[in-house]
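>>> with the sequence up front, the predicted model follows.
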Amino acid sequence: MHIRVLGAHDTEQADLRGGRSPWLKPAQHAVRLDLNDSTKCDALVVGAGITGSLMAERLTRQGLDVIIIDREFPGRGSTAASTSMLLWELDRSLKELTDIYGFERASRVFIASLDAVNGLKSLISELDLRCELRTRNSLYLATGSSGKDLAEEHRLRQRAGLPGEFLDHSTLRDVFGITRAGAIVSPGAADADPMQLAQGLLRIAVSRGARLFDAEAVEFHATSEQVTTLMADRHEIEARWLVLATGYVMPRIVHSKVQKVSSSWAIATAPQPERIWKDGVLIWEDSSDYHYARTTASGRIIIGGEDSDRAVEPEERDRLIPEKARLLAQQLVALWPAANLDIAFRWSGAFDTTDDGMPMIGPVPGMKGIYAAYGYGGNGITFSFLAASLIGDLIAGSTSPLLRDFAIERDGVPSTDR
């Protein structure tokens, strides 16, 4: 099947983020080569952000000849805008996902996500990657006047064998100094510098023989034997397998009923290690439009949210940075009055979501040999690691029921407020 990639190459890195995050600073990049001739490989990875880097590391670890292409500097698009909260909890609660798909499927996905965070932490340790990785607890806060819903969620998580503890209002206030109706505190999360992580993984893949090219894919031709990808300069790359790790730039060969384009905003304070909350737990809210907060190794406080599925055009999204920064500062004061509001960074970013809070991972229907790795949602890096694992296993000849859960063309589900 011969497919032209319509629209995907019209988006630039600057369209995926605006402003400046703490991670966006001069860094050592793996050397990109110019594609001066057509070539072949076992696996072609399109995209060199965090997802493509995880994918390249996994496939080179499997001994494959890998090529990675990106038409921009690796990681300087949506990866640079990530707040890199490595959560295993999904945007949809276990209760919501159980209501949609049943307890067995919902709990399988949550457990797989927990395992993915643990797997990512182990990988970072094994490779000795310097990315400010810190193991953290997560604090899932009630947003209403009652903690009843979170208490029910906690009971369901216990049934699934997931870790965590429910805190009522007084316990939450006494332990963390946060005044909400209740919360679930859970182990197993982490945070990191996403740029350092992506660049470190990419360097590892290149050191194993992967080739990183400055190139732009414009057409795909899939047969039963191989996938031929045509570049903008008319050179071709032939591969047995192709993985789309293009983040929020989705080529039109991928059709989904569950994906939705959105935008998110974030701010980071100046370092204030003496003013951060207990243990620097990762904070997020029990709400469909939740806010999320973390700290950094230097003691900055980051808070994000104010998501919108209306202000998605880059110019409009970036024009809102001052106003969204003001609103986020207000949210930070309400959450943590002890914070110093010396705001050092303000930024925005593309932030695609899915109706059910799950990623889109697996074979692209009708395109033999082409796989999609889209870790959409609030725990995108967790899902990116899961995508690398599942697709790596597929290429090696094994499969998983999770691929049905994350199928590209699964039916959409109604959106509901929490």
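Arrived safely, thanks for sending. Residues are numbered from 1 along each chain as shown.

>>> quick one: contacts of the longest helix anywhere in the chain?
For the chain, the longest helix by residue count, based on DSSP state H, is helix 103-127. For helix 103-127, the surrounding residues in contact (Cβ atoms under 8 Å, 6 or more residues apart in numbering) are 57, 86-90, 94, 97-98, 100, 131, 133, 135, 156-157, 159-163, 188-190, 192, 197, 200-201, 204, 358, 379, 381-383, 385-386, 389, 401-402, 405. C-beta: built from backbone N, CA, C; applies to glycine.

>>> same thing but at 6 Å, please
Helix 103-127 is contacted from outside by 86, 88, 94, 97-98, 133, 160, 162, 188, 190, 204, 382, 385-386, 402, 405, using Cβ atoms under 6 Å, 6 or more residues apart in numbering.

>>> ditto for stretch 237-251
Contact partners of stretch 237-251, identified using Cβ under 6 Å, 6+ apart, comprise 5, 8, 11, 16, 39-47, 49, 51-52, 55, 78, 226-229, 350, 352, 369-373, 391, 395.

>>> buried subset of these, written for ChimeraX?
In ChimeraX syntax, the buried subset of those is picked out as below (16 or more other Cβ atoms under 10 Å):
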select :5,8,11,16,41,42,43,44,45,46,47,49,51,52,55,78,226,227,228,229,350,352,369,370,371,372,373,391,395
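
>>> thought R92 was touching G377, still the case?
No. Taking Cβ atoms under 6 Å as the definition, G377 is not a contact partner of R92, at 8.7 Å.

>>> so what sits against both of these two?
Common neighbours of G377 and R92, counting by Cβ under 6 Å, 6+ apart, are G357.

>>> so those two - more neighbours on which side?
R92 (25 against 21; other Cβ atoms under 10 Å).

>>> can you confirm the more buried one is in a helix?
No. According to DSSP: H, G, I helix; E, B strand; the rest coil, R92 belongs to no helix; its state is coil.

>>> from L33, how far out is it?
R92 sits 42 Å away from L33, taking Cβ to Cβ, to the nearest Å as the criterion.

>>> what do you get for V333?
Separation of V333 from L33 (Cβ to Cβ): 49 Å.

>>> how about L172?
Distance of L172 to L33, computed by Cβ to Cβ: 53 Å.

>>> which of these two has more neighbours?
L172 (23 against 14).

>>> list the contacts for the more buried one?
178, 183.

>>> dump the host helix or strand of it to CSV, restricted to CA.
Element membership for L172, per DSSP states H and E: helix 169-176. What follows is helix 169-176, C-alpha atoms only, in CSV (Å, rounded to 0.1, in the frame of the first residue of the first chain):
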residue,chain,number,x,y,z
HIS,A,169,-8.8,15.3,55.4
SER,A,170,-7.1,15.6,58.8
THR,A,171,-4.4,13.0,58.0
LEU,A,172,-3.6,14.8,54.7
ARG,A,173,-3.3,18.1,56.4
ASP,A,174,-1.2,16.7,59.2
VAL,A,175,1.2,14.8,57.0
PHE,A,176,1.5,17.0,53.9
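
>>> where does the prediction get shaky in the stretch 1-150 of the chain?
Flagging of the stretch 1-150 of the chain using pLDDT under 70 yields the residue ranges 1-17, 26-31.

>>> for it, which segments count as helices?
Applying DSSP state H, counting those that start in this stretch to the stretch 1-150 of the chain gives helices spanning 13-16, 50-61, 78-81, 94-101, 103-127, 148-160.

>>> tabulate these (CSV), appending distance to I67.
Converted to CSV, those look like this (distance: least, Cβ to Cβ, whole Å):
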stretch, distance to I67
helix 13-16, 20
helix 50-61, 9
helix 78-81, 19
helix 94-101, 37
helix 103-127, 21
helix 148-160, 40
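
>>> of those, which is nearest E219?
Closest to E219 of the helices of the stretch 1-150 of the chain is helix 50-61 (Cβ to Cβ; 19.2 Å).

>>> got the angle for that closest one vs helix 103-127?
70 degrees (axes from the mean of the first three to the mean of the last three Cα atoms, to 10 degrees).

>>> now D411. Nearest residue, chain neighbours left out?
Closest residue to D411 apart from its sequence neighbours, by Cβ to Cβ, 6 or more residues apart in numbering: K257 at 6.1 Å.

>>> and the one you found, which of the three is it?
Per three-state DSSP, K257 ends up coil.

>>> got a pLDDT number for it?
On pLDDT, K257 comes in at 85.

>>> what number of residues lie near it?
Neighbour count of K257, defined by other Cβ under 10 Å: 12.

>>> phi first, then psi, for it.
For K257, the backbone dihedrals (degrees, to the nearest 10) come out as phi -90, psi -10.

>>> roughly how far apart are it and V413?
As judged by Cβ to Cβ, K257 and V413 stand 9 Å apart.

>>> measure Q196 to G75 for me?
Distance of Q196 to G75, computed by Cβ to Cβ: 9 Å.

>>> more crowded one of these two?
Here Q196 and G75 are compared on neighbour count by other Cβ under 10 Å; more neighbours surround G75, at 30 against 20.

>>> who does the helix or strand harbouring L212 touch, helix- and strand-wise?
Using DSSP H and E, L212 sits within strand 211-214. Applying 3 or more Cβ pairs under 6 Å, 6 or more residues apart in numbering; DSSP states H and E, we find strand 211-214 packed against strand 66-70.

>>> what do you get if the cut-off is 7 Å, keeping everything else the same?
The contact analysis (3 or more Cβ pairs under 7 Å, 6 or more residues apart in numbering; DSSP states H and E) places strand 211-214 against strand 33-34, strand 66-70.
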